[in-house]
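[1] no FASTA, just this:
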């Protein structure tokens, strides 16, 4: 889908931080009101000559493909069919995970068209780069009013497509819009030419575009993540092909249309579809690949990118620990544990997936967590009062249920939840008596489960927290100096002391170990979307 400046208003109603995937039917980092909703207007592809008439033309075309769903469980007695489906008319159907009803459809085409999409992006890139940083950022900034106008509808689509409560969905959309101006200012600062001087040389450090950027974004934050991957790519002078998750195609289409009205033709294009579309994009003639998704898929992308030494920015899985020390504020620690384990039904890259509590306060802490968990209200995200929604699809539910069942067979005890629930829902569950021999303490879960394990010494807490290939986020609760001492020994890329791992504005979103390769956000992150080019001259000779 090529989004051109001047595109007409769609027929769609105008009323915070993963997961992209290359695998068919997989959703997330680990593998609605039930009526048909009108889509952002999507036209069939026209001949290239027609699409190049003017930057003011409507040049929206959807490039979608869907590979076989033969490996995806189609349905069980207690689950809703897969989130997306393919029919003989090449239509991708987005389903509401809470009800199974269609949320809308988009047209699909074949992965072979990706090469043409990238070729158009490459043809458009020199003129886009030549506009200069200030002009590019001004064009992006001009989209803010249109994004605001679409905010309510975007929030509804997010809930209808992936299930999070409507208040959270609208919160994500409004947060993304509210911070965009500040982020664009930050991109200006990050990408301006810098000058270095010594006695003999003057060097200009330019931050030039790579060329064409492929952005493969997830379903769990389907507005915020495209913003964090697309905007710096565009600001740096790259053209961008966005491949959103097949779980949330409608949200991405409306978001991209609102932004694309203010951009020249082919500067931003959307390639909708599943795994074969994502892989075709990775293997195509792109220069930079930005991906948020599973560790396994990230490894595959690195392998494919290595063939052409393409640049990559990868935010991958997590298995975030929470350490609760004996001198912690137990009410605050338990409240955080409940919120961060179950928010978005645990489908957050920095969800708390392992909790280590010091033995002296373990009973009191567990009691608080269980009480907080039992107070959560679960249901359809469109229903007022809902706090926890469903899993995004049946496959993700089956994965989480399998981890819980395996842990219980190995000796874990269920203190809350743990019972089967209809459709794609999983009751918020608290497990104790867990250990590191269990899959649920080693592999990413990406579901509403709080696993609590006891420890004796600070050294035990550090050892257990670091006993993972992952290293995205972590949190430590305790007396400030004590918690800081423990926190600085953890191997995660982002560590919160008596809070979540998110930093002050301008902090990069960075994973360590197997949770990331490169990073985004903040001035340091924005520069990852640009090629540093040093141009040096002799320093002027001053007269004696």
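    Perfect, I can see it now. From a predicted model like this one, the values you see are computed outputs, not experimental measurements.
[2] pull up the pairing partners for the helix or strand that contains residue 313, direction included.
    Under the criterion DSSP states H and E, the helix or strand holding residue 313 is strand 311-315. In its sheet, strand 311-315 lies beside strand 288-292 (parallel), strand 516-517 (antiparallel), with partners assigned from DSSP bridges.
[3] tell me the helix or strand right after the last one.
    Downstream of strand 516-517, the next assigned helix or strand under DSSP H and E is helix 522-526.
[4] again with the longest one
    Counting by DSSP H and E, the element after strand 288-292 in chain order, helix or strand, is helix 295-306.
[5] tell me the mean pLDDT over that following helix?
    In this model, helix 295-306 has an average pLDDT of 95.
[6] output the contacting helices and strands for it.
    With contacts defined as 3 or more Cβ pairs under 8 Å, 6 or more residues apart in numbering; DSSP states H and E, helix 295-306 has these neighbours: helix 275-283, strand 288-292, strand 311-315. Where C-beta positions appear, they are placed from N, C-alpha and C, glycine not excepted.
[7] most tightly surrounded among those?
    Using mean count of other Cβ atoms under 10 Å, the stretch among the helices and strands packed on helix 295-306 with the greatest mean number of neighbours is strand 288-292 (a mean of 28).
[8] distance between the ends of stretch 418-430?
    This stretch, stretch 418-430, spans 8 Å end to end (Cα to Cα, to the nearest Å).
[9] got the helices and strands packed on helix 295-306 as CSV, with distance to residue 347 columns?
    Rendered in CSV, the data for these read as follows (distance: least, Cβ to Cβ, whole Å):
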stretch, distance to residue 347
helix 275-283, 19
strand 288-292, 13
strand 311-315, 15
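[10] can you list these in JSON lines and add mean pLDDT and distance to residue 259?
    Supplementary listing: those in JSON lines, determined by pLDDT from 0 to 100; distance: least, Cβ to Cβ, whole Å:
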{"stretch": "helix 275-283", "mean pLDDT": "94", "distance to residue 259": "19"}
{"stretch": "strand 288-292", "mean pLDDT": "97", "distance to residue 259": "16"}
{"stretch": "strand 311-315", "mean pLDDT": "96", "distance to residue 259": "20"}
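[11] which stretch among the ones you listed comes nearest residue 244?
    Distances from residue 244 to each of the helices and strands packed on helix 295-306 were compared using Cβ to Cβ; the shortest belongs to helix 275-283, at 10.0 Å.
[12] now do the closest one: which elements does it pack against?
    Secondary structure elements in contact with helix 275-283, counted by 3+ Cβ pairs under 8 Å, 6+ apart, are helix 114-130, strand 212-216, strand 239-243, helix 295-306.
[13] hmm, who's touching the longest one?
    If I follow you right, that is helix 114-130. With contact meaning Cβ atoms under 8 Å, 6 or more residues apart in numbering, helix 114-130 is reached by 2, 48, 51, 63, 136, 208-209, 211-212, 234, 237-241, 264-267, 269, 271, 277, 280-281, 284-286.
[14] so how far is the next helix or strand after that helix off the chain centroid?
    Note on helix 114-130: by DSSP H and E, the next helix or strand toward the C-terminus is helix 133-141. Remark: helix 133-141 is offset 24 Å from the chain centroid, using Cα atoms, centre = their mean, to the nearest Å.
[15] again, but for stretch 327-336
    28 Å.
[16] could you do stretch 188-198 as well?
    30 Å.
[17] do stretch 345-364 as well
    In terms of Cα atoms, centre = their mean, the centre of stretch 345-364 is set 22 Å apart from its chain centre.
[18] identify each buried residue in it, please.
    Residues of stretch 345-364 classed as buried under the neighbour-count rule (16 or more other Cβ atoms under 10 Å) are 345-358, 361-362.
[19] first to last residue in it, what's the distance?
    Taking Cα to Cα, stretch 345-364 runs 25 Å from one end to the other.
[20] show me where the stretch 101-250 of the chain has its helices.
    In the stretch 101-250 of the chain, the helices defined using DSSP state H, counting those that start in this stretch lie at 114-130, 133-141, 144-149, 151-162, 166-191, 224-235, 249-260.
[21] out of the ones you listed, which is closest to residue 291?
    Smallest distance to residue 291 across the helices of the stretch 101-250 of the chain (Cβ to Cβ): 8.5 Å, for helix 224-235.
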